[in-house]
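kindly return the folded structure for what I paste below:
(2 chains)
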Amino acid sequence: MCDTCGCNMTHGNQHLLAPGGKLHKTGQGNEAVTVLKNLLSENDHIAVHNRQHFDRHGVLALNLMSSPGSGKTSLLEATIGSLGNRYRIAVIEGDLETENDAERIRRCGVEAIQITTGTACHLDAHMVHDALHRLNLDDIDILFIENVGNLVCPAGFDLGQHSNITLLSVTEGDDKPAKYPVMFRVAELVALTKVDLLPLLDDFDPERARENIRTLANAAPVLETSARQPETLQTWLQWLEDEIQQHRTHCENAETA
Amino acid sequence: MHELSVCQALISQVEELAQREMVQRVERVRVGIGPLSGVEPQLLQHAYPLAAAGTLAENSELEIENRPIRVHCPTCGKTSDANASRLLCAHCGDWQTTLVSGDELMLLQVEFIRETDNV
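So this is what the prediction gives:
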């Protein structure tokens, strides 16, 4: 989104461009300046910068979001196991404390940078930018950014990723998309995880989860996965491969343009 | 709970503007917030005085304009109100709508007091 040319004006807020000019007097004689700028424009500015970095080096960046314990790291471990010999993968891990997740990823033979946020409930574009300085982007095809486990705040911050992936484990309940619409509305792919547990649960219906996502006007693919059952990951791996190919074509076209 | 960091970003924009306009005091800041921005207006209101303390915006008033959720339906061509967990077209029920408003997190207007006596 651009904050300077006015392209962020929608039908809904056009009335804000009322006559009176940019700087005018109010009833009390104060001066008023009309701004119309996104409050997170500084974050968005760095996010655009991050995305340019990724594109220049042909890196596909994916932002993984979910509640804590829904299986982001497990999905990454399984993904590295399947694609690690064909693509160069790196991971940025976001957590409040510990290097645990980064260590799990490193045990798979992949570089991982841990960001510990202290009390911050989400990653922002600055944190990711700092982490990028510790990675050689020329050596990476796919960069996974594992956000802080939280279904609320991470959705509000653009990191410079190309796609948002939201995980929903089947133990969490199929109404999570309705309860956390901000998160599920921005997902470009939703992975239902731990589906191997479905026979034990009588209250999670993947079809209902899918309907709740469609009700948010989101057409994203909704995949049923289990990191413990590699055969369930085929559609996910294929989606990743398609994304990589599309991204490469995009970067090549941008270079020749 | 990231309303304080959102507030700090808001204050830094307001201060930048106040410095550019060379004014001494900010009187009122108006923002527009939609439910799908993920920011809770009430929490933002509480965080505001904390973020504004010690800045040109200290003691200024934060006015929050709650933006409605509106969706446009390409199938029937109509626009309707919706709610955060249900973005369907109110006219034909189609789910493939596009959001017209409701995800705003915008600084709309800043009011200043210019103390011209000393100039």
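
and whatever residue of chain B ends up closest to chain A, how close does it get to residue B:37?
Per CB to the nearest CB, residue B:101 is where chain B lies closest to chain A, at 2.5 Å. Backbone N, C-alpha and C define where each C-beta goes, glycine included. The spacing between residue B:101 and residue B:37, counted by CB to CB, to the nearest Å, is 11 Å.

likewise residue A:44?
13 Å.

give me the neighbour count for the residue of chain B closest to chain A.
20 (other CB atoms under 10 Å in any protein chain shown).

just to revisit the earlier point, which of residue A:44 and residue B:37 has more neighbours?
Neighbours around residue A:44 and residue B:37, counted as other CB under 10 Å, are more numerous at residue B:37. The numbers are 23 against 18.

three-state assignment of residue A:94?
strand (DSSP: H, G, I helix; E, B strand; the rest coil).

in this structure it contacts residue A:144, no?
No. Residue A:94 lies out of contact with residue A:144 (CB atoms under 8 Å); the separation is 10.9 Å.

which of these two has more neighbours?
residue A:94 (30 against 26).

who's that one bridged to?
residue A:115 (DSSP bridges).

contact partners for it?
Residues near residue A:94 by CB atoms under 8 Å, 6 or more residues apart in numbering or on different chains: A:115, A:117, A:122, A:123, A:127, A:145, A:146, A:147, A:148.

run a quick neighbour tally on the closest residue to residue A:117 other than its chain neighbours.
Leaving aside its chain neighbours, residue A:117 sits nearest to residue A:96 (5.6 Å; criterion: CB to CB, 6 or more residues apart in numbering or on different chains). Burial of residue A:96 is recorded as 14 neighbouring residues (other CB under 10 Å).

any idea of the pLDDT on residue A:96?
With respect to pLDDT, residue A:96 has a value of 92.

I'd guessed it sits against residue A:148; true?
Yes. The criterion here is CB under 8 Å, and residue A:96 meets it with residue A:148 at 6.7 Å.

now the common contact residues for the two.
In contact with both residue A:96 and residue A:148: A:117, A:120, using CB under 8 Å, 6+ apart.

the longest helix in the chain is where?
This is for chain A. Identified as the longest helix of chain A according to DSSP state H is helix A:234-256.

switch to chain B, that's the one I care about
Longest helix in chain B, counting by DSSP H: helix B:3-21.

coming back round to it: mind checking which of the contacts of residue A:94 land in strands?
A:115, A:145, A:146 (DSSP state E).

which one is residue B:83 nearest to, not counting chain neighbours?
Here the residue nearest residue B:83, using CB to CB, 6+ apart, is residue B:69, at 6.1 Å.

does chain B sit close to stretch A:34-42?
Yes. Contact of stretch A:34-42 with chain B (CB under 8 Å from any CB of the partner chain) involves A:34, A:35, A:36, A:37, A:38, A:39, A:40, A:41, A:42.

CA atoms only for that stretch, dumped as PDB, please.
Provided in PDB are the C-alpha atoms of stretch A:34-42 (Å, rounded to 0.1, in the frame of the first residue of the first chain):
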ATOM      1  CA  THR A  34      -5.500  16.300   7.000                       C
ATOM      2  CA  VAL A  35      -3.100  13.400   6.800                       C
ATOM      3  CA  LEU A  36      -4.700  10.100   5.700                       C
ATOM      4  CA  LYS A  37      -1.600   8.000   6.400                       C
ATOM      5  CA  ASN A  38      -1.500   4.500   7.700                       C
ATOM      6  CA  LEU A  39      -0.500   4.400  11.300                       C
ATOM      7  CA  LEU A  40       1.900   1.600  10.600                       C
ATOM      8  CA  SER A  41       3.500   3.300   7.600                       C
ATOM      9  CA  GLU A  42       7.000   3.100   9.100                       C
END
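
about what we covered before: got the buried residues for the longest helix of chain B?
Buried residues in helix B:3-21, defined by neighbour count with 16 or more other CB atoms under 10 Å in any protein chain shown: B:3, B:5-11, B:13-15, B:17-18.

briefly note if that helix comes near chain A.
Yes. Helix B:3-21 reaches chain A (CB under 8 Å from any CB) through B:5, B:6, B:9, B:10, B:12, B:13, B:17, B:21.

quick one: mean pLDDT over that helix.
92.

which secondary structure elements does the helix or strand just after that helix contact?
As assigned by DSSP states H and E, the chain's next helix or strand after helix B:3-21 is strand B:25-33. Strand B:25-33 makes packing contacts with helix B:3-21, helix B:41-52, strand B:61-66, strand B:105-113 when contacts are defined by 3 or more CB pairs under 8 Å, 6 or more residues apart in numbering or on different chains; DSSP states H and E.

the last one pairs with which strands, and in what direction?
In other words, strand B:105-113. strand A:31-38 (antiparallel), strand B:25-33 (antiparallel).

got the contact list for it?
Taking CB under 8 Å, 6+ apart as the rule, strand B:105-113 contacts A:8, A:13, A:16, A:26, A:30-40, A:156, B:6, B:10, B:13-14, B:17-18, B:21, B:23-34, B:37-39, B:65.

only whichever of those residues are buried, select them in PyMOL.
In PyMOL, this line selects whichever of those come out buried by 16+ other CB under 10 Å:
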select buried, (chain A and resi 8+13+16+30+31+32+33+34+35+36+37+38+39+40+156) or (chain B and resi 6+10+13+14+17+18+23+25+26+27+28+29+30+31+32+33+34+37+38+39+65)
